[in-house]
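> starting from these lines, generate the structure:
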Amino acid sequence: MVTKLGVSDALTGQGADRICAVRQEFSGVLNTEAVLMFPVQQSLQLVQMMVGDDVPLEQLGEMEQEALAEIGNILLNSVVSGVADVLKLRFEGSLPCVELGPVQDVLCAQGQMTDQVLSVQIDFAIDALQIQGYLVFLLDVASVASLKATVQQFLGTLS
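Residues are numbered from 1 along each chain as shown. Modelled structure (predicted):
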(Lines give C-alpha, C1' and ligand atoms only; values in the text may rest on other atoms or scores of the structure.)
Protein backbone atom coordinates (compact mmCIF):
# COMPACT_ATOMS: atom_id res chain seq x y z
CA MET A 1 0.00 0.00 0.00
CA VAL A 2 1.22 3.47 -0.89
CA THR A 3 -0.34 6.91 -0.77
CA LYS A 4 -1.94 8.69 -3.70
CA LEU A 5 0.91 11.17 -3.38
CA GLY A 6 3.45 8.35 -3.91
CA VAL A 7 1.72 7.28 -7.13
CA SER A 8 1.49 10.92 -8.25
CA ASP A 9 5.20 11.43 -7.59
CA ALA A 10 6.08 8.28 -9.57
CA LEU A 11 4.04 9.39 -12.57
CA THR A 12 5.29 12.97 -12.53
CA GLY A 13 8.82 11.57 -12.15
CA GLN A 14 8.27 9.98 -15.58
CA GLY A 15 7.40 13.41 -16.93
CA ALA A 16 3.68 12.68 -16.82
CA ASP A 17 2.06 15.78 -15.41
CA ARG A 18 -1.07 14.90 -17.43
CA ILE A 19 -2.41 11.37 -17.61
CA CYS A 20 -5.07 9.39 -19.34
CA ALA A 21 -6.99 7.20 -16.92
CA VAL A 22 -9.61 4.49 -17.23
CA ARG A 23 -11.77 4.32 -14.10
CA GLN A 24 -14.06 1.42 -13.22
CA GLU A 25 -15.93 0.57 -10.02
CA PHE A 26 -16.14 -2.95 -8.61
CA SER A 27 -18.42 -4.05 -5.80
CA GLY A 28 -18.78 -7.18 -3.73
CA VAL A 29 -17.08 -8.25 -0.51
CA LEU A 30 -14.62 -5.47 -1.31
CA ASN A 31 -15.70 -2.18 -2.83
CA THR A 32 -13.06 -0.55 -4.94
CA GLU A 33 -12.57 1.88 -7.73
CA ALA A 34 -9.82 0.70 -10.06
CA VAL A 35 -7.93 3.38 -11.99
CA LEU A 36 -5.58 2.46 -14.83
CA MET A 37 -3.29 5.41 -15.64
CA PHE A 38 -0.82 6.14 -18.43
CA PRO A 39 1.06 9.29 -19.40
CA VAL A 40 -1.00 10.98 -22.15
CA GLN A 41 1.58 10.55 -24.92
CA GLN A 42 2.06 6.86 -24.15
CA SER A 43 -1.69 6.22 -24.10
CA LEU A 44 -1.95 7.85 -27.52
CA GLN A 45 0.84 5.61 -28.81
CA LEU A 46 -0.92 2.53 -27.40
CA VAL A 47 -4.16 3.49 -29.14
CA GLN A 48 -2.32 4.25 -32.36
CA MET A 49 -0.92 0.71 -32.29
CA MET A 50 -4.47 -0.64 -31.98
CA VAL A 51 -6.04 1.48 -34.74
CA GLY A 52 -3.04 1.58 -37.06
CA ASP A 53 -0.10 3.86 -37.70
CA ASP A 54 -1.91 5.59 -40.55
CA VAL A 55 -4.06 7.58 -38.06
CA PRO A 56 -2.09 10.64 -36.81
CA LEU A 57 -1.96 11.06 -33.04
CA GLU A 58 -3.75 14.42 -33.32
CA GLN A 59 -6.81 12.83 -34.99
CA LEU A 60 -7.61 10.13 -32.47
CA GLY A 61 -10.13 12.06 -30.29
CA GLU A 62 -13.29 10.01 -29.74
CA MET A 63 -11.73 6.87 -31.24
CA GLU A 64 -8.95 7.20 -28.68
CA GLN A 65 -11.37 7.32 -25.77
CA GLU A 66 -13.31 4.29 -27.00
CA ALA A 67 -10.11 2.31 -27.58
CA LEU A 68 -8.70 3.28 -24.18
CA ALA A 69 -11.99 2.36 -22.49
CA GLU A 70 -11.78 -1.07 -24.14
CA ILE A 71 -8.10 -1.55 -23.21
CA GLY A 72 -8.89 -0.50 -19.65
CA ASN A 73 -11.95 -2.74 -19.48
CA ILE A 74 -9.92 -5.76 -20.59
CA LEU A 75 -6.98 -5.08 -18.26
CA LEU A 76 -9.04 -4.10 -15.22
CA ASN A 77 -11.42 -7.03 -15.53
CA SER A 78 -8.51 -9.45 -16.05
CA VAL A 79 -6.72 -8.25 -12.92
CA VAL A 80 -9.86 -8.15 -10.78
CA SER A 81 -10.97 -11.58 -12.06
CA GLY A 82 -7.55 -13.02 -11.25
CA VAL A 83 -7.66 -11.63 -7.71
CA ALA A 84 -11.26 -12.81 -7.31
CA ASP A 85 -10.36 -16.34 -8.47
CA VAL A 86 -7.37 -16.64 -6.15
CA LEU A 87 -9.16 -15.21 -3.11
CA LYS A 88 -12.50 -16.86 -3.99
CA LEU A 89 -14.40 -13.57 -4.11
CA ARG A 90 -17.14 -12.26 -6.38
CA PHE A 91 -17.18 -8.81 -7.94
CA GLU A 92 -19.52 -6.91 -10.19
CA GLY A 93 -18.07 -4.14 -12.30
CA SER A 94 -19.43 -0.95 -13.78
CA LEU A 95 -18.72 0.32 -17.27
CA PRO A 96 -15.33 2.01 -17.62
CA CYS A 97 -14.97 5.74 -18.14
CA VAL A 98 -11.97 7.62 -19.53
CA GLU A 99 -10.50 10.73 -17.93
CA LEU A 100 -7.75 13.06 -19.03
CA GLY A 101 -6.12 15.52 -16.69
CA PRO A 102 -3.41 16.32 -14.17
CA VAL A 103 -2.35 13.33 -12.06
CA GLN A 104 -3.52 14.88 -8.78
CA ASP A 105 -6.96 15.77 -10.17
CA VAL A 106 -7.54 12.20 -11.36
CA LEU A 107 -6.32 10.63 -8.11
CA CYS A 108 -8.16 13.07 -5.86
CA ALA A 109 -11.59 12.91 -7.43
CA GLN A 110 -12.48 11.76 -3.92
CA GLY A 111 -10.40 11.79 -0.74
CA GLN A 112 -6.98 13.25 0.00
CA MET A 113 -3.51 12.75 -1.49
CA THR A 114 -2.43 11.13 1.79
CA ASP A 115 -5.03 8.33 1.43
CA GLN A 116 -3.58 4.83 1.13
CA VAL A 117 -4.10 2.94 -2.15
CA LEU A 118 -3.12 -0.45 -3.49
CA SER A 119 -0.89 0.21 -6.51
CA VAL A 120 0.58 -1.99 -9.25
CA GLN A 121 3.06 -0.74 -11.83
CA ILE A 122 2.32 -1.98 -15.35
CA ASP A 123 4.95 -2.25 -18.09
CA PHE A 124 4.02 -2.92 -21.72
CA ALA A 125 6.71 -3.81 -24.19
CA ILE A 126 5.23 -4.12 -27.67
CA ASP A 127 7.81 -4.15 -30.45
CA ALA A 128 9.96 -1.05 -29.87
CA LEU A 129 7.28 0.72 -27.83
CA GLN A 130 7.74 0.88 -24.05
CA ILE A 131 4.69 1.97 -22.05
CA GLN A 132 4.64 2.27 -18.28
CA GLY A 133 1.52 2.94 -16.29
CA TYR A 134 -0.08 2.34 -12.93
CA LEU A 135 -3.11 0.46 -11.75
CA VAL A 136 -4.45 1.87 -8.51
CA PHE A 137 -7.21 0.43 -6.34
CA LEU A 138 -9.02 3.03 -4.25
CA LEU A 139 -10.51 1.18 -1.28
CA ASP A 140 -12.79 2.42 1.46
CA VAL A 141 -11.80 1.74 5.09
CA ALA A 142 -14.07 -1.30 5.46
CA SER A 143 -12.70 -2.79 2.23
CA VAL A 144 -9.09 -2.35 3.39
CA ALA A 145 -9.88 -4.30 6.57
CA SER A 146 -11.75 -6.95 4.59
CA LEU A 147 -8.89 -7.27 2.08
CA LYS A 148 -6.34 -7.74 4.86
CA ALA A 149 -8.50 -10.43 6.52
CA THR A 150 -9.13 -12.20 3.20
CA VAL A 151 -5.44 -12.22 2.27
CA GLN A 152 -4.46 -13.48 5.74
CA GLN A 153 -7.05 -16.25 5.44
CA PHE A 154 -5.75 -17.14 1.97
CA LEU A 155 -2.15 -17.24 3.18
CA GLY A 156 -3.24 -19.48 6.05
CA THR A 157 -4.56 -22.04 3.57
CA LEU A 158 -1.17 -22.23 1.86
CA SER A 159 0.67 -23.45 4.95
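> roughly how far apart are the closest residue to residue 18 other than its chain neighbours and residue 68?
Closest residue to residue 18 apart from its sequence neighbours, by CB to CB, 6 or more residues apart in numbering: residue 40 at 4.9 Å. To be clear about C-beta, it is placed using only N, CA and C from the backbone, and glycine gets the same treatment. In this view, residue 40 and residue 68 are 11 Å apart by CB to CB, to the nearest Å.
> looking at these two, which is more packed in?
Per other CB atoms under 10 Å, whichever of residue 40 and residue 68 has more neighbours is residue 68, with 25 against 14.
> before we move on, which element is that one in?
When elements are defined using DSSP states H and E, residue 68 is found to belong to helix 61-87.
> the lowest-mean-pLDDT helix or strand in the chain to helix 61-87, inter-axis angle?
Across the helices and strands of the chain, mean pLDDT, DSSP states H and E gives its lowest value to helix 40-51, namely a mean of 76. For the pair helix 40-51 and helix 61-87, the angle between their directions (axes from the mean of the first three to the mean of the last three CA atoms, to 10 degrees) equals 90 degrees.
> helix 40-51 - contacts with which helices or strands?
Judged by 3 or more CB pairs under 8 Å, 6 or more residues apart in numbering; DSSP states H and E, helix 40-51 is in contact with strand 18-28, helix 61-87, strand 129-139.
> adjacent strands (with direction) for the first one?
What that stands for is strand 18-28. The strands beside strand 18-28 in its sheet (DSSP bridges) come out as strand 32-39 (antiparallel), strand 91-93 (antiparallel), strand 97-102 (antiparallel).
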